[in-house]
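structure here, sequence nowhere to be found:
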């Protein structure tokens, strides 16, 4: 156990917002924006769907027992730890089959900036308002005595490996798996074609898209972005940052393609 870190306590750790009937946005405000990912909950008639599960710094399910009860399937858009930290809390876990290893054998995780690769630390510094590198990836603790240096990700083997075109049926709405490799080999989105609701993970959000990670592939990403734009989503709930309108999706996706074709 590391030396206790002096930080404010944030309780409750999470915030939630209902963004559409049956769709709730859960986020962790005290996580640095570099890793602050979105957690989405979709209420279904027969079962509920959770898309990604945040950092796992504080328990998710017990924070909102009214949301995470009954038959819940957790779908992971990809295996990076800012999306899978809470995966172990769910009995049923789905991802694209190509991403399953990242959940059963999690990548090394840290909340200590000094432990990050130099390129990540430089990006943090560049985004810091005062230009000073933050020492930690959180600005508060979930409770007194929390060991920031002891943060780890628990293995969470996939129980429901899915492939492109497979569906998740909630009873009153159906989501189709769309394999969109590039950010990671198994990155995948979910689309409800009846309503045009799309969950994009980290394939598209309003921010710098990461396609040069060791597990990334730019050619795959370009092809995936072209496919994503063809889905004609009415609204996209992304892996980071606020929801995107149809126009936002087209604008941001087209900008990425223009950048990579230049």
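Thanks, I have it. Because the structure is predicted, anything quoted here is derived from the model rather than measured.

residues in contact with residue 132?
Counting by Cβ atoms under 8 Å, 6 or more residues apart in numbering, residue 132 makes contact with residue 125. The way it works is simple: take the backbone N, C-alpha and C, and place the C-beta from them, glycine included.

try it again with 7 Å
With contact set as Cβ atoms under 7 Å, 6 or more residues apart in numbering, residue 132 has no partners.

specify the local secondary structure of residue 75.
With DSSP: H, G, I helix; E, B strand; the rest coil as the basis, the three-state label of residue 75 is strand.

next, give phi and psi for the closest residue to it other than its chain neighbours.
Spatial nearest neighbour of residue 75, excluding adjacent residues (Cβ to Cβ, 6 or more residues apart in numbering): residue 94 at 4.6 Å. When read as degrees, to the nearest 10, the backbone of residue 94 gives phi -120, psi 150.

let me see the confidence value for residue 94.
pLDDT for residue 94: 98.

where does the protein have its least confident helix or strand?
helix 118-127 (a mean of 75; mean pLDDT, DSSP states H and E).

other SSEs contacting it?
If you count contacts as 3 or more Cβ pairs under 7 Å, 6 or more residues apart in numbering; DSSP states H and E, helix 118-127 packs onto no helix or strand.

pull out the buried positions in it.
Going by neighbour count (16 or more other Cβ atoms under 10 Å), the buried part of helix 118-127 is 120-121, 124.

so what's the gap between that helix and the chain middle?
20 Å (Cα atoms, centre = their mean, to the nearest Å).

quick check: what element follows that helix along the chain?
strand 160-162 (DSSP states H and E).

please point out which parts of stretch 159-166 sit buried.
161-162, 166.

can you get me the start-to-end distance on stretch 162-169?
13 Å (Cα to Cα, to the nearest Å).

quick one: mean pLDDT over it.
Rounded mean pLDDT across stretch 162-169 is 98.

ok, and what's touching that stretch?
Contacts of stretch 162-169 with the rest of the structure, by Cβ under 7 Å, 6+ apart, involve 49, 73, 75, 94-97, 174-179, 190.

one step back: tell me who's in contact with the residue nearest to residue 75.
73-75, 158, 160, 162 are the contacts of residue 94 under Cβ under 7 Å, 6+ apart.

now swap in residue 13 and tell me
Residues near residue 13 by Cβ under 7 Å, 6+ apart: 28, 57-58, 63, 142.

and it, how far from residue 57?
Plainly put, residue 13 is 7 Å away from residue 57 if you go by Cβ to Cβ, to the nearest Å.

now do the buried residues in stretch 242-253.
243-244, 248-249, 252-253.

stretch 61-69 too?
61, 63-64, 67-68.

swap in stretch 41-48?
Using 16+ other Cβ under 10 Å as the test for burial, stretch 41-48 gives 41-44, 47-48.

from the centroid of this protein, which residue is nearest?
In the chain, the centroid-proximal residue (Cα atoms, centre = their mean) is residue 83; its distance is 3.8 Å.

so that one, which state does it fall into?
Under three-state DSSP, residue 83 falls in the helix class.

give the helix, strand or coil label for residue 114.
Following three-state DSSP, the label given to residue 114 is helix.

what is the burial count for it?
Residue crowding around residue 114 was assessed by other Cβ atoms under 10 Å; the count is 9.

kindly report the same for residue 5.
Each residue near residue 5 was counted by other Cβ under 10 Å, and the total is 16.
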